[in-house]
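[1] let's see this in three dimensions:
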Amino acid sequence: MQGYLDRIEDGGKAVIILEEQGFEIILSVQHLPEGSRIGSWFRIYERDGGYSFVLDEEERIRREQLVNRITRKLKMKSQGSKFKRK
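    A predicted model of the protein is given here:
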């Protein structure tokens, strides 16, 4: 499975989103691999009724590049409004 660190809530709870499975995992930030930050991607394995997380830097970089490409395309298309302001 794959998921990403969406946010850290009050009390030190990390929220991991698993888009393909359609759910989220909430756990203490202490259980995340060292170097984890908001936007980090993980390979997630189910073990003994719980989960283990491995940072997936390649996926994080791939996703960031995708977002940057889409943003550039949108900015290039944006020519402003065709209507005059009064």
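[2] just the strands in this structure please.
    In the chain, the segments counted as strands under DSSP state E are 2-9, 13-18, 23-28, 41-47, 50-55.
[3] give me whichever of these is most buried.
    Stretch with highest mean neighbour count among the strands of the chain: strand 13-18 (a mean of 18; mean count of other Cβ atoms under 10 Å). Placement of C-beta: from N, CA and C, glycine included.
[4] low-confidence ranges in the protein?
    Counting by pLDDT under 70, the chain shows low-confidence ranges at 78-86.
[5] looking at the strands of the chain, spot the one closest to residue 61.
    Checking the strands of the chain against residue 61 by Cβ to Cβ gives strand 41-47 as the closest, at 9.0 Å.
[6] now the angle from the closest one to strand 23-28?
    Calculated by axes from the mean of the first three to the mean of the last three Cα atoms, to 10 degrees, strand 41-47 forms an angle of 90 degrees with strand 23-28.
[7] pretty sure residue 26 contacts residue 13?
    Yes: here residue 26 reaches residue 13: they are 5.4 Å apart, a contact under Cβ atoms under 8 Å.
[8] residue 66 - how many residues pack around it?
    Close neighbours of residue 66, defined as other Cβ atoms under 10 Å, add up to 10.
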